[in-house]
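1. build me a structure from this.
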Amino acid sequence: MATATSINIQMPRGDMSFLRQLAKRMGWTVSVAIPTDSLYDPETGEYLNEETMKAIRDVEAGHVKKCKDLDELLATI
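-> A predicted model of the protein is given here:
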């Protein structure tokens, strides 16, 4: 048997059944890794994506700018 190589693929959840079918036909194994640093959203049943996690980490670290009104906010964008 050839040496196995592990890979990480980010893909839409809807494509998972296709990947699982392909893996089964090819004799591969597929496992889903849940990111340990991601938060779970109980409303959607999904883990938060990397962009959302980055925004949360930025707020926790204090990397935010407070604006007095909407005009000031729009001027900074």
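2. alpha carbons only for contacts and neighbour counts from here, please
-> Will do.
3. okay, how far is it across stretch 57-65, tip to tip?
-> From the first residue to the last, stretch 57-65 extends over 14 Å; the measure is C-alpha to C-alpha, to the nearest Å.
4. ok, residue 65 to residue 55 distance?
-> From residue 65 over to residue 55 the distance is 13 Å, taken as C-alpha to C-alpha.
5. one more: residue 64?
-> From residue 64 to residue 55 the distance is 9 Å (C-alpha to C-alpha).
6. more neighbours: which of these two?
-> residue 55 (13 against 10; other C-alpha atoms under 10 Å).
7. which phi and psi does the residue nearest the centre of the chain have?
-> Per C-alpha atoms, centre = their mean, the C-alpha nearest to the average position across the chain is that of residue 49, at 3.2 Å. Backbone torsions of residue 49, given as degrees, to the nearest 10, read phi -70, psi 170.
8. show me the contacts for the closest residue to it other than its chain neighbours.
-> Counting by C-alpha to C-alpha, 6 or more residues apart in numbering, the nearest residue to residue 49 once its immediate chain neighbours are dropped is residue 38, at 7.5 Å. The contact partners of residue 38, by C-alpha atoms under 8 Å, 6 or more residues apart in numbering, come to 47-50, 53.
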